[in-house]
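>>> take this sequence and fold it.
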Amino acid sequence: MTAAMTKKEFLRTLRAQRAQWEALVAYIDARDMLKPGPDGGWSVKDIIAHITWYERETVGMLRARALEGSDWWYLPLDERNQRIHEEVSRLPLDAVLDEADMVFADLLNEVEQLSEADLHDVTRFEGWPSDWVPWKAIASNSYEHYQQHLPDLLRWVKLEE
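Presented below is the predicted three-dimensional model:
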């Protein structure tokens, strides 16, 4: 990625990465999505809900054009992720999958409404740290997050083969 990311390029990347993510998720049997990870870690359902939490928070910040949302942002990453896991682990798979689709649609809609300048100028978002680049902040909570968890999903695909 270049610092000169265009809105068209960002949307293309976001859609392509999401399509790759969804194709991999679709390959995993629904029953297997509920099982703990191979190392006893998060299930596929947990990972999807985790990513959805970050995307939902990003949608809220984009809608408000401000740094707002959960107080969990102020926690250390591991503690935040643990709280997210505790919150979402009891949700049924269908609810997690439905919410993931709805939140992504909301995220896509919010990004489509941004201008080219919005993607690059942090001052257009109240309270965002001055060293943030908006498109990079959005990417880190969406398609870059998919990339971080692809190895987790690929373990499930390898288990099924």
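>>> quick one: low-confidence parts of the chain?
Flagging of the chain using pLDDT under 70 yields the residue ranges 1-3, 158-161.
>>> can you rerun that using 90?
Regions of the chain meeting the criterion pLDDT under 90 cover residues 1-4, 27, 32, 35-41, 73-74, 88-90, 150-161.
>>> just the helices in it please.
In the chain, the segments counted as helices under DSSP state H are 7-27, 44-64, 77-88, 93-113, 116-120, 134-140, 143-160.
>>> in CSV, list those helices along with distance to L34.
The C-beta positions use only the backbone N, C-alpha and C, and glycine is treated the same way. Below are the helices of the chain laid out as CSV (distance: least, CB to CB, whole Å):
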stretch, distance to L34
helix 7-27, 13
helix 44-64, 6
helix 77-88, 13
helix 93-113, 6
helix 116-120, 37
helix 134-140, 28
helix 143-160, 11
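>>> compare those and give me the one nearest G37.
helix 143-160 (6.6 Å; CB to CB).
>>> can I get the closest one in CSV? Just the C-alpha atoms.
Output in CSV follows, covering the C-alpha atoms of helix 143-160 (Å, rounded to 0.1, in the frame of the first residue of the first chain):
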residue,chain,number,x,y,z
TYR,A,143,-9.0,-6.0,5.8
GLU,A,144,-5.6,-6.0,7.5
HIS,A,145,-7.4,-7.6,10.5
TYR,A,146,-8.6,-10.4,8.1
GLN,A,147,-5.0,-10.9,7.1
GLN,A,148,-3.9,-11.2,10.7
HIS,A,149,-6.5,-14.0,11.3
LEU,A,150,-6.1,-15.9,8.0
PRO,A,151,-3.6,-18.3,9.5
ASP,A,152,-6.1,-19.2,12.2
LEU,A,153,-8.8,-20.0,9.5
LEU,A,154,-6.3,-21.8,7.4
ARG,A,155,-5.6,-24.2,10.3
TRP,A,156,-9.3,-25.2,10.1
VAL,A,157,-9.1,-25.8,6.4
LYS,A,158,-6.1,-28.0,6.9
LEU,A,159,-7.9,-29.9,9.6
GLU,A,160,-10.7,-30.7,7.2
